[in-house]
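Undergrad: Give the three-dimensional model of this entry:
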Amino acid sequence: METAMKFEVPDELNAKEPPERRGLRRDYVKMMVLDKNTGKTNHTQFYQLDRYLKKGDLLVLNASRTVPAVLKSRKEADGTEVEIRLAHRKNASNWEALPVSGNVKKGDIICFSSTLTATITEQSEDTPFVSLAFNLCCSSLFNQIYDLGEPVRYEYIQKPWNLDYYQTVFATIPGSVEMPSAGRAFSWELLFRLQKKGVRIAYITLHTGLSYLLDDKWHKGPDKNFENYHVPKETADLISETKNSGGRVIAVGTTVVRTLETVAQLNGKVQAASGWTNLYITENTKLVVCDGLITGMHEPEASHLQLLSAFVDRTKLYNAYNDAIQKRYLWHEFGDMNLIL
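TA: Modelled structure (predicted):
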């Protein structure tokens, strides 16, 4: 286990509302540009991203769409209320889930609506999760989840913001229970401007699992957290073309880094692939695909910071984060951005 990076973020720098509710467009949040070689920082706004990317660079985005993973239900046997948080989608009708309130056991049937029920098929004292087998699958199941659920909210979020605030503009494939937030600041206008400049855009999918387990005793490191990914052939081909022509592959989010570096480790290069990853990237990891990273501001001791230290020396990263605190950057999924090149 790598040593955690410690610093203190003042409470007022936790972004409690989406930028649109602070009077900003989503692409007008602050952006700290960190030179991974020198550690020098520049400060601008995200809509000026095109000034830092070049013709021939490739942006790789995570197309996973956030599902409203908090579901209220009742046990069929006695009507007891049960709150469930979906954690990982295992297949078309089965999910791993965290029971937050109410006692449940293997064999219980819980009812979410007159048309949606689930049977608890697995439970163990070794994990906070249970396995749910829903009576619906595929789009029918997702339609019910989108009708009934609410997004996962963290302690610093004080208002129940609508699910739309937890989506990127390009998300198309439902499956993440926590927003892949690095892509949130992109607008279509910015994406079109980047393409006009000659920056190419590709997509992968990694469905984020539930990391906010409400009880520290269940804290799981990245190596214990398996997440489902997919790399299309079109994306693999674009990465190969970009590398061969001297362009840079810029990952939008730690989910994209984990996906691309996982596939490269398994196959020696990025090719079309699907599977589950628990890749734990640290300062000792040699990145073979990703040349740059767009990400948010990560909280102290987060494993994401260890992934960032694979791009930039820890001392330079620490100094940059202190600079961001001094300049009143906002943290978390509704906060400001960091470009590492």
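Undergrad: Any figure for the gap between the spatially most central residue of the chain and residue 330?
TA: Most central in the chain under C-alpha atoms, centre = their mean is residue 180, positioned 2.8 Å from the mean C-alpha point. Using C-beta to C-beta, to the nearest Å, residue 180 is found at 18 Å from residue 330. Quick note: C-beta positions are derived from backbone N, CA and C, even for glycine.
Undergrad: Repeat that for residue 150.
TA: From residue 150 to residue 330 the distance is 23 Å (C-beta to C-beta).
Undergrad: Look at the two and report which has more neighbours.
TA: Using other C-beta atoms under 10 Å as the criterion, residue 150 and residue 330 rank with residue 330 on top: 22 against 16.
Undergrad: Surely the more buried one and residue 29 touch.
TA: Yes - Residue 330 lies in contact with residue 29 (C-beta atoms under 8 Å); the separation is 7.5 Å.
Undergrad: Show me the common contact partners of these two, please.
TA: Shared contacts of residue 330 and residue 29 (C-beta atoms under 8 Å, 6 or more residues apart in numbering): residue 336.
Undergrad: And the closest residue to residue 40 other than its chain neighbours, how far from residue 44?
TA: Excluding its sequence neighbours, the residue lying closest to residue 40 (C-beta to C-beta, 6 or more residues apart in numbering) is residue 34, at 7.7 Å. Here residue 34 is placed at a distance of 12 Å from residue 44 (C-beta to C-beta).
Undergrad: same deal with residue 181?
TA: Distance from residue 181 to residue 44, by C-beta to C-beta: 19 Å.
Undergrad: In terms of neighbours, single out the busier of these two.
TA: Between residue 181 and residue 44, residue 181 has the larger neighbour count (other C-beta under 10 Å), namely 23 against 15.
Undergrad: In contact with that one, which residues are there?
TA: 253, 296, 332-333 are the contacts of residue 181 under C-beta under 8 Å, 6+ apart.
Undergrad: before we move on, the earlier item: help me confirm that the residue nearest to the centre of the chain comes into contact with residue 62.
TA: Yes - counting by C-beta under 8 Å, residue 62 is a contact partner of residue 180 at 4.4 Å.
Undergrad: Need the residues touching each of the two.
TA: Common neighbours of residue 180 and residue 62 (C-beta under 8 Å, 6+ apart) are 168, 206, 253, 255.
Undergrad: hang on, the third one packs against residue 182?
TA: Yes - counting by C-beta under 8 Å, residue 182 is a contact partner of residue 253 at 3.1 Å.
Undergrad: quick one on the thing from earlier: farthest pair within the shared contacts of residue 180 and residue 62?
TA: By the measure C-beta to C-beta, 168 and 206 form the most distant pair in the shared contacts of residue 180 and residue 62, at 12.9 Å.
Undergrad: Those two: which is more packed in?
TA: Taking other C-beta under 10 Å, residue 168 and residue 206 do not tie; residue 206 has more neighbours (27 against 24).
Undergrad: what does the model give that one for pLDDT?
TA: Residue 206 carries a pLDDT value of 98.
Undergrad: Over to residue 214?
TA: Looking at residue 214, its pLDDT is 65.
Undergrad: do the same with residue 209
TA: 92.
Undergrad: Done for today, thanks.
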